[in-house]
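1. need coordinates for the following:
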Amino acid sequence: MNSLQLLAQYRHLAQQTLTIFDLETTGSRPPKARAIEISVLHASLSDGIYEQSTHLINPSVPVPASITRLTGITQAMVDDAASAETLWPRYHRRLSGGILTAHNLSFDYRFAQAECKRLGLTLQRPPAEQLCTVHLARLMLADLPSRSLPKLVQHFRFPIDESHRAEADTLACWYLAKLLLTQILEDDDSKTLACFRQEWLPISAVAKILGRSRQASHALITEAGFQPRRSEHRGTFRYRRGWAEQIKNDLDPQLPLFS
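-> Numbers count the residues shown, from 1 in each chain. As a prediction, this is how the structure comes out:
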């Protein structure tokens, strides 16, 4: 999407009920790894939080020591919890309405889908009903050194006591979504679009905006005098959204990508 489309999308999402959720798991890859805790929160900018539910889940598999160190969730805690077969039908219903929201949504959504599939349940939400607060934070907070949830909690001083527990992380996700979506609703178009244009994108996203190959897109960026930034994490180049949209406008001024 271009910046104008993103602005329209997020202003629409900001007026919907958000179904925010978080999972703690035994690993990173379902279906082998299993969910061991879930929290779901329903809220809107107009009414605030009106429901939150949290449960430990007995997945009938071992909890690795590394997960216990990270989350504090022990084998004994999940052994005493309700089974996945008992809890997931309930949470399937709770995840089936509103705008499905999470910090790094693809991770939690993939796990939730795998857990539901085990029980013959289908969890499928269209892209228009999904909101990832990692993507939103990258768009709105481009130059923060980290958009991890614990770092954002620390940066904004959200009233969260712990990280890597489902209830706390769901609340943190809500505070972040509320902050950034409220800003998008209240700021004028030019200020928000200027913010969007600061987002750092991988070359794949730049190539999509420009309708060119990755190599050709990199060449267009550098020929225009822009200096890509090398990611410390992966060593790949990142490019400002605004650079790509400006070049796209120059190539085809009939297509307004921002104003």
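2. centre of the chain to the longest helix seen in the chain, how far?
-> Counting by DSSP state H, the longest helix found in the chain is helix 166-186. Distance of helix 166-186 from the chain centroid (C-alpha atoms, centre = their mean, to the nearest Å) equals 11 Å.
3. kindly report the same for stretch 6-13.
-> 15 Å.
4. hmm, who's touching whichever strand or helix holds His12?
-> Assigned by DSSP states H and E, His12 belongs to helix 3-13. With contact meaning C-beta atoms under 8 Å, 6 or more residues apart in numbering, helix 3-13 is reached by 1, 99, 131, 136, 139, 181, 184-185, 189, 192-193, 196-197, 241-242, 245, 256-259. For glycine as for every other residue, the C-beta is placed from the backbone atoms N, C-alpha and C.
5. ok, and for it, which residues are buried?
-> Neighbour-count burial for helix 3-13, counted by 16 or more other C-beta atoms under 10 Å, picks out 3-4, 6-7, 10, 13.
6. I'd like the mean pLDDT over it, please.
-> Helix 3-13 comes out with an average pLDDT of 97.
7. which SSE is immediately downstream of that helix?
-> Following helix 3-13 in sequence, per DSSP H and E, is strand 18-25.
8. how about stretch 202-221: buried residues?
-> So stretch 202-221, judged by 16+ other C-beta under 10 Å, has buried residues 203, 205-207, 209-210, 212, 217-218, 220-221.
9. give me phi/psi at Phe156?
-> Here is the backbone geometry of Phe156 (degrees, to the nearest 10): phi -90, psi 0.
10. for it, give me its contacts.
-> So Phe156 contacts 175-176, 179 (C-beta under 8 Å, 6+ apart).
11. ok, now how distant is it from Ala177?
-> Relative to Ala177, Phe156 is positioned 12 Å away (criterion: C-beta to C-beta, to the nearest Å).
12. centroid residue for the chain?
-> Nearest to the geometric centre of the chain sits Cys132, at 2.5 Å (C-alpha atoms, centre = their mean).
13. surely that one meets Ser106?
-> Yes: counting by C-beta atoms under 8 Å, Ser106 is a contact partner of Cys132 at 7.0 Å.
14. tell me the confidence at Asn144?
-> Quick fix: residue 144 is Leu, not Asn. 94.
15. that one and Asp169, how far apart?
-> For Leu144, the distance to Asp169 - C-beta to C-beta - is 18 Å.
16. swap in Lys151?
-> From Lys151 to Asp169 the distance is 13 Å (C-beta to C-beta).
17. same deal with Pro126?
-> 24 Å.
18. do the same with Leu41
-> 10 Å.
19. domain parsing of the protein, as residue ranges.
-> Here the domain parsing of the chain from automatic domain parsing is 3-189, 200-251.
20. wait, is Glu232 part of a helix?
-> No: counting by DSSP: H, G, I helix; E, B strand; the rest coil, Glu232 is not part of a helix but coil.
21. where do the helices sit along the stretch 101-250 of the chain?
-> Ranges of helices in the stretch 101-250 of the chain, per DSSP state H, counting those that start in this stretch, are 105-118, 133-140, 149-156, 166-186, 189-196, 203-210, 214-223, 241-251.
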